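In: this one's sequence-less:
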């Protein structure tokens with residue numbers, strides 16, 4: 001928090017505090033459990049058996065109906081991306097998506113819709129869409145023990161976004177996303193936290209999304225240099241939004257988790 005206490009952020013959010021997590025196991029993303037505790041993911045969170053198979057990067061996770069959804073990507077030559085779903089009983093199932101024509105290999109995050117039926121994910125660089133898949137295991141159209149995962153549609157954005165690191169649903173027609181874009185070419189903020197308002201709840205068909213900027217992710221550290229925005233989570237039960245920011249070296253060993261509460265509603 002700033003020296004004067006919690007600070008107001010544009011877009012209807014009030015910063016309510018900052019916590020810290022080990023970057024090795026927490027710098028890539030986070031998700032809130034039903035009891036309010038947080039699940040963290042970092043480069044050290046990739047299981048050895050998946051790393052051996054070439055899944056070397058884990059993204060921002062999500063939790064739905066007690067199931068943990070992890071987004072994995074391979075190396076530069078990868079022709080697919082993978083989603084791992086771990087049940088409340090600890091059983092893990094793998095769902096692999098073969099890249100479609102023109103699709104980038106990046107798999108930055110997994111965000112499950114409030115009805116538990118759809119999985120939203122994103123690519124890197126400049127994009128005018130977010131990808132939509134049936135939610136593995138929870139959507140009856142997916143194989144019950146893992147397998148192929150084709151796209152079910154997309155969210156067509158009315159304004160391009162850049163380097164989206166994570167998204168989470170705030171309602172059935174609204175997502176909040178963290179961007180690592182520092183250029184200020186697309187939005188006035190350095191590393192903006194964005195809002196995407198959908199024309200209707202996801203149904204597996206293409207839907208449009210209106211993009212607006214909420215506020216800039218905080219960049220506060222005793223170390224100077226380049227910050228990196230990472231995962232984002234919205235805990236609906238406690239109405240708390242969290243955004244992760246990795247500070248410059250040598251402080252990057254610890255990731256800051258900034259918490260926000262809505263200012264009204």
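Out: Everything's here; your move. Values in this document were obtained by computation on a predicted structure and should not be read as measured data. Numbers count the residues shown, from 1 in each chain.
In: Past the helix or strand bottoming out on mean pLDDT in the chain, which element shows up next along the chain?
Out: One helix or strand of the chain scores below all others by mean pLDDT, DSSP states H and E: strand 8-9, with a mean of 53. Per DSSP states H and E, the first helix or strand lying C-terminal to strand 8-9 is strand 13-22.
In: what separates residue 203 from residue 56, distance-wise?
Out: 34 Å (CB to CB, to the nearest Å). To be clear about C-beta, it is placed using only N, CA and C from the backbone, and glycine gets the same treatment.
In: start to end distance for stretch 145-158?
Out: Chord length of stretch 145-158, first to last residue, is 36 Å (CA to CA, to the nearest Å).
In: which parts of stretch 28-39 are buried?
Out: Using 16 or more other CB atoms under 10 Å as the test for burial, stretch 28-39 gives 28, 29, 30, 31, 32, 38, 39.
In: avg pLDDT for that stretch?
Out: On average, the pLDDT along stretch 28-39 is 98.
In: For that stretch, measure first residue to last.
Out: End-to-end distance (CA to CA), stretch 28-39: 11 Å.
In: and for the helix or strand where residue 258 lies, what are the contacting residues?
Out: Take DSSP H and E as the rule and residue 258 turns out to sit in strand 254-262. With CB atoms under 8 Å, 6 or more residues apart in numbering as the test, strand 254-262 has contacts from 9, 12-23, 26-27, 30, 38, 42, 217-218, 220-221, 230, 239-247.
In: Just checking: what are the partner strands of it?
Out: strand 13-22 (antiparallel), strand 240-246 (antiparallel) (DSSP bridges).
In: who wins for proximity to residue 172 among these?
Out: For the strands paired with strand 254-262, the distance to residue 172 is smallest for strand 240-246, at 16.7 Å, taking CB to CB.
In: looking at the strands paired with strand 254-262, which is buried most?
Out: strand 240-246 (a mean of 24; mean count of other CB atoms under 10 Å).
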